[in-house]
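>>> using only what follows, build the 3D model:
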Amino acid sequence: MPNRMKEFRGMSDEQLSLALKDTEKHLFQLRFQSATDRLETPSEIRKARRDIARIRTLQREKELAKLSGLSTEQLSVRIASLQAKEDAGLPGKRTAHRQGARLKRFYVAKGGTLPIAPPAPAAPAAPAASEKKTDAKKSTPKGSGK
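Next up, the predicted model:
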């Protein structure tokens, strides 16, 4: 489908994200319709899935093009900010971890050395507190009958 790709390539980032949302909604409706009724054209599900893949591919290409224009110092700043977000433990840390891992691979491929040391392990005080809780639960013998 080179015609469809040309159409997607001409779109801006916002238009691509809107097209992605619309296509995902359409796919959901098609799957729902497929489960409840018969589809007029069963190939529509396949076409929608392929359009989603095309849009995501273009979004990733644009992201990589932006990253290739950045210097290694700018990349290291982004990696550090994502690492701080991940260490904060707030919602979104999984996404920050994945983005950080991608950026680190890109940074190393550009010839940089990783600026951030791995995070320090958690304090050993937390496991000791959990052991005390488990000791309190085991106060009754196993064969007591209750």
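
>>> give the contact list for Leu58.
Residues near Leu58 by C-beta atoms under 8 Å, 6 or more residues apart in numbering: 5, 8-9, 16. Every C-beta, even on glycine, is put in place using the N, C-alpha and C of the backbone.

>>> which SS state does the one residue sitting closest to the centre of the chain fall under?
Centroid-nearest residue in the chain, with C-alpha atoms, centre = their mean: Thr95, separated by 4.5 Å. The three-state assignment at Thr95 reads helix, by DSSP: H, G, I helix; E, B strand; the rest coil.

>>> that older thread, ok, of the contacts of Leu58, which come out buried?
8, 16 (16 or more other C-beta atoms under 10 Å).

>>> quick one on the thing from earlier: quick check: the residue nearest to the centre of the chain vs Val108, distance?
Using C-beta to C-beta, to the nearest Å, we find Thr95 at a distance of 21 Å from Val108.

>>> likewise Glu14?
Separation of Glu14 from Val108 (C-beta to C-beta): 31 Å.

>>> so if I had to pick from those two, which one is more boxed in?
Taking other C-beta atoms under 10 Å, Glu14 and Val108 do not tie; Val108 has more neighbours (13 against 8).

>>> so that one touches Leu114, yeah?
Yes - the criterion here is C-beta atoms under 8 Å, and Val108 meets it with Leu114 at 6.7 Å.

>>> what does the pLDDT read for the residue nearest to the centre of the chain?
pLDDT recorded at Thr95 is 89.

>>> for Pro2, same thing?
Model confidence at Pro2, given as pLDDT, is 64.

>>> is Arg38 within a helix or a strand, and which one?
For Arg38, there is no host helix or strand (DSSP states H and E).

>>> counting neighbours, what do you get for it?
Using other C-beta under 10 Å, Arg38 has 7 neighbouring residues.

>>> which other helices and strands contact the helix or strand Val77 falls within?
According to DSSP H and E, Val77 maps onto helix 72-88. Where contact means 3 or more C-beta pairs under 8 Å, 6 or more residues apart in numbering; DSSP states H and E, helix 72-88 is packed against helix 93-109.

>>> alright, I will stop here.
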